[in-house]
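S.K.: Quick one: sequence and predicted model below, then my questions.
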Amino acid sequence: MSKPKKTISIKGAISKAQYLCAEKEKCIYDIRVKLYDWKLPDVDHDAVIEQLVKEKFIDEKRYALYYTKDKIVHNKWGRIKIAFALKQKKIKDEFIKNAFDNFSEIEYENILKKELHKKMNTIKDKDEYTIKSKLLRFAASRGFENGKVFDIISEIIKTE
């Protein structure tokens, strides 16, 4: 039988949360989950989060910017998938929109083109309709917008 976890004090929770936030960008939702894991009494959660926000360890606008850039550049995700993930973390729509506005549209399209080219090279089928449908499904699974995907797929098919 495993030992039940001990509860943590407010000071201890603030200290651990500050360390986590200094190590990697976190949002309120992420810290709230950690506070539950640490068995901090629910009544103390808001005090800990308020302290972290006041000391700028947590900034949801900054979090949305970094999260968006990271997911586009490293994970090759589209806006739909990123927005969904941020909404799950209860990030405000204005912060999400701001994060997308701060990312270069040209760089975003170049990432999508590069990913579609890579995917196209793995498709063995020669039927244009099948190629387009596979590319579209691939891009949709990554969270890219259909309109942008249609345009780029058409461009790729013309040049191939």
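M.R.: On my side now, so go ahead.
S.K.: Which residue ranges of this protein form helices?
M.R.: 10-23, 28-37, 45-54, 60-73, 79-88, 93-101, 105-122, 128-141, 146-159 (DSSP state H).
S.K.: as a whole number, average confidence for the first one?
M.R.: The average pLDDT for helix 10-23 rounds to 94.
S.K.: how big is the angle separating it from helix 28-37?
M.R.: Interaxial angle of helix 10-23 relative to helix 28-37 (axes from the mean of the first three to the mean of the last three Cα atoms, to 10 degrees): 140 degrees.
S.K.: got the buried residues for helix 10-23?
M.R.: Neighbour-count burial for helix 10-23 flags 10, 13-14, 16-18, 20-21 (criterion: 16 or more other Cβ atoms under 10 Å). Where C-beta positions appear, they are placed from N, C-alpha and C, glycine not excepted.
S.K.: measure Lys89 to Asn102 for me?
M.R.: Counting by Cβ to Cβ, to the nearest Å, the gap between Lys89 and Asn102 amounts to 18 Å.
S.K.: shaky segments in this structure?
M.R.: When residues are selected by pLDDT under 70, those of the chain lie in 1-6.
S.K.: Neighbour count for Lys89 and Asn102, which is higher?
M.R.: The residue with more neighbours, out of Lys89 and Asn102, is Lys89; 17 against 11, by other Cβ atoms under 10 Å.
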